[in-house]
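> quick one: sequence and predicted model below, then my questions.
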Amino acid sequence: MADLAAPMSAPRAASATWRSVANGLRLRYFGTPLNAAITLVCLYVLYKILPPILGWAMFDAHWTGTAAQCREARSGACWAFIDEKFWFAVFGLYPYELRWRPATMLSLFTVMVGLSLFRRLWSKNLIYAWLAASALMFMLMDGTFFGIEIFGTQVPTRLWGGLTVTVFIAVFGLATGYPLAILLALGRRSHMPVVKWFCVAVIECVRGVPLVTIIFMAAIMLPLFLPSGMTIDRLFRIQFAYTIFSAAYLAEVVRGGLQGLGRGQYEAAESLGLNYAQKMRLIVLPQALKMTIPAQVNTFIGLFKDTTLVVIVGIFDFFTTLRAALGDPNWMGFPNEAYVFAALTYFILCFGMSKYSQRLERDLSPETRR
Amino acid sequence: MQQATSSTSSLPAWWYDRTARALALQATLLFVVVAAAIFFFSNVQTNMAARGLTLGFGFLDRSAGIPIGEYLIPYTPSNSYARALLVGLLNTLRVAIIGCLLVTLLGVFLGILRLSENPLLSGLVGAYIEIVRNTPVVLQLVFWLVVFQQLPSVREALNPLPGVYLSQRGLKIPVLEWNDAAVFALAGLALAIAAIVWTTRRARAHQMQTGEYRRVWPICVGYLVMLPLAAAQLTGDRLILSVPELQGFNFAGGAELSPEFAALLTGLVIYTAAFVAEIVRSGIQSVGKGQWEASRALGLSNGRIMRLVILPQALRVIVPPLTSQYLNLTKNSSLAIVIGYQDLFSVSNTSINQTGQAIEVIFIMMTVYLVLSLLTAAGMNIYNARVALKER
């Protein structure tokens, strides 16, 4: 407990001479007996954990070759498995000769994300660009648009898989969920009781139950609700569930922003004679949404990770496709490699987003900047 | 702005009355919701009839035939669907309650360690938090199941603590044998807790009146040890600790946690604890440095500063997000289906596949999860009202 006393106040060396650096290190790591003990325990834990992990993942690992060679060696990770199954994990069962389409779709997505990272480019045009890109992404995956062949033959959704499905679900869930979230948040703060209670009921019911039950409902119950003969593609039903889910969670974030806005802003907008739509569009929402950007990014991260839940209705997203690759009789017995690789991919994407959101949080609130 | 209003002057006059407009809008919404409900309901009846099913809860009395490996109340596959669902619910509650307790302990511990001034320690905990928070929970659950399945066989079970065995079959731990003495000991424990509450209150009141501090913890420990033991002595039975022992091909005695349960619990606790640790850290950091300095000037020890000054103030920041983490853990327990632990969701899934009564089962399941969420939230709100800042 002693080391809790003064967080972030480790003595700083006045000039970086060897002596002062050494002294600073001594104080930070061995300042008190307790601190020294903590350092030693940590070093021991690292000694116990790091060498075996590094040995398995790097030094003893096999990067290329066949499964037989991996099994023969018996030590270290078999990254050759990932090497072999990488493109399967990205594209799933999508027809081999048409793979340029999901590849273009992923590149488009990457470019759009890259552009969105620059705050200088944040404008209405970026939103329109995202809408256009989403439509294009759908057309690339499907190949057709309302029956008109644009990029060649149609590929049914049951052949979609891998990373493309993960990206597809996340992008369209957020693109459709975001406007819905704003409507729900506004509705929840409305003075009209019917509108207010409708929105409260939707938000609380969706947030109160596990996501898997909503996915499940969309997969199993939605067909029962539709007129007989009318069917909706399974992936789109899941997409629908994911939209509702992300809308309910984002709505609460947006509501926080709406509540955080001073009364004066609402009153000033009203005194200008703006009607409700103008007031919200021009004054309230721009501020409320900007205020909650870090919270929104955090919600995005959560929702992105939750795309893995589609496994329960047998949709082949990135993780499930990798698991399916484990079933290849030629490459049996490398579950650890598959899971570590999947974890690493999700980690890089989510950690990147979370670091970005932390930087935004700092940049967007100059008044609290240290 | 004048132009905007004048261009819409073709609308009927009532549109410019706020109340009338609001009424019209709400009436439309209500109409749409009711109409959609009627539309969907009629579709459901047609579709169910086409499959030879009728809406209703009558199927709950039928024999389920669902084999369930773990149960807290007596269960056989010949029991009814209602009982199968109840067994599933109890399995969910088992994971949720034990999970929330463990998450609180681990999360608070890690949150405090994260603030350590030793960069090595805070860095290690930070790495754990970042890795766990940024990977999907489904992946972690599957990972833990693989870990538990790769454990040695029963014959070569790991024995980390005396009486505790880890093997492919799961975790075996010693438990008290359930006889009269155990029941009385449990009653004694309840009595001891009541006595401790009473003693601390007395000591607090005494301190308020006279300023004199009374040391209560030795008395409390005494209650905790003596009362259950004394109560157990009142019966003819003795307290018997059932320790697992290897007999033939399996263990006899003790209590068993299946690999699925152990994997689910471990995965959920490890995952959620990372979030709790961050909540605790930000809560502690929200208390100003001046509070530390002032308490130290009063001559308090670091442990007591934490307990008496910092934590009570940090709790105000901690409790609301902690509530949502408890809710998340409970909801995430439904992912048990991915690793084959039979909780409410898993049993419901099987019931739907067998009976086709999707609407009813999903209705029951969602209602139960909603009620669980509301109960947890309500309980935590009561607690929050107690720790919240009281402005007078």
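In hand now; what should we look at?

> who's in contact with B:L93?
Listed by Cβ atoms under 8 Å, 6 or more residues apart in numbering or on different chains, the contact partners of B:L93 are B:L372. C-betas here are computed from N, CA, C, even on glycine.

> from chain A, how far off is it?
Between B:L93 and chain A the distance is 14 Å, computed by Cβ to the nearest Cβ, to the nearest Å.

> can you give me the buried ones in the helix or strand in which that residue is found?
In this structure, B:L93 is located in helix B:81-114 according to DSSP states H and E. Of the residues in helix B:81-114, those scored as buried under the neighbour-count criterion (16 or more other Cβ atoms under 10 Å in any protein chain shown) are B:81-96, B:99-100, B:102-104, B:106-108, B:110-114.

> okay, and for chain A, where does confidence drop off?
Regions of chain A meeting the criterion pLDDT under 70 cover residues A:1-16, A:74, A:365-370.

> what about the strands in the stretch 251-392 of chain B?
Chain-ordered strands for the stretch 251-392 of chain B, with DSSP state E, counting those that start in this stretch as the definition, fall at B:255-257.

> check the gap between A:I238 and chain B for me.
As for A:I238, its distance to chain B is 15 Å (criterion: Cβ to the nearest Cβ).

> same check on A:I214?
According to Cβ to the nearest Cβ, A:I214 and chain B sit 9 Å apart.

> are we agreed that that residue is in a helix?
Yes - counting by DSSP: H, G, I helix; E, B strand; the rest coil, A:I214 is found in a helix.

> quick check: it touching A:T243?
No - taking Cβ atoms under 8 Å as the contact criterion, A:I214 and A:T243 are not neighbours in contact, 10.3 Å apart.

> quick one, helices of chain B?
Applying DSSP state H to chain B gives helices spanning B:2-6, B:18-50, B:81-114, B:119-133, B:137-149, B:180-210, B:217-233, B:259-285, B:289-297, B:302-304, B:311-332, B:336-339, B:344-355, B:358-387.

> now render these as CSV, adding mean pLDDT and distance to B:G69.
Compiled in CSV, the helices of chain B are given as follows (pLDDT from 0 to 100; distance: least, Cβ to Cβ, whole Å):
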stretch, mean pLDDT, distance to B:G69
helix B:2-6, 46, 67
helix B:18-50, 88, 32
helix B:81-114, 92, 10
helix B:119-133, 92, 28
helix B:137-149, 89, 14
helix B:180-210, 88, 25
helix B:217-233, 85, 32
helix B:259-285, 92, 8
helix B:289-297, 91, 51
helix B:302-304, 83, 44
helix B:311-332, 88, 21
helix B:336-339, 89, 12
helix B:344-355, 89, 11
helix B:358-387, 87, 20
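
> go through the ones you listed and name the closest to A:F81.
Comparing the helices of chain B against A:F81 with Cβ to Cβ, the closest turns out to be helix B:137-149 (14.9 Å).

> backbone dihedrals for residue 118, please?
Since you didn't name a chain, this refers to chain A. Here the main-chain torsion angles of A:F118 (degrees, to the nearest 10) amount to phi -90, psi 120.

> not quite, go with chain B.
Torsion angles, degrees, to the nearest 10, at B:N118: phi -70, psi 110.

> how close does it sit to B:V108?
Using Cβ to Cβ, to the nearest Å, one obtains 18 Å as the distance from B:N118 to B:V108.

> how far off centre is stretch A:96-115?
Centroid separation between stretch A:96-115 and its chain, computed with Cα atoms, centre = their mean, to the nearest Å, is 18 Å.

> give me the contact list for it.
A:87, A:90-91, A:94, A:121, A:126, A:129-130, A:133, A:136-137, A:140-141, A:143, A:151-153, A:155, A:160, A:163-164, A:167-168, A:171.
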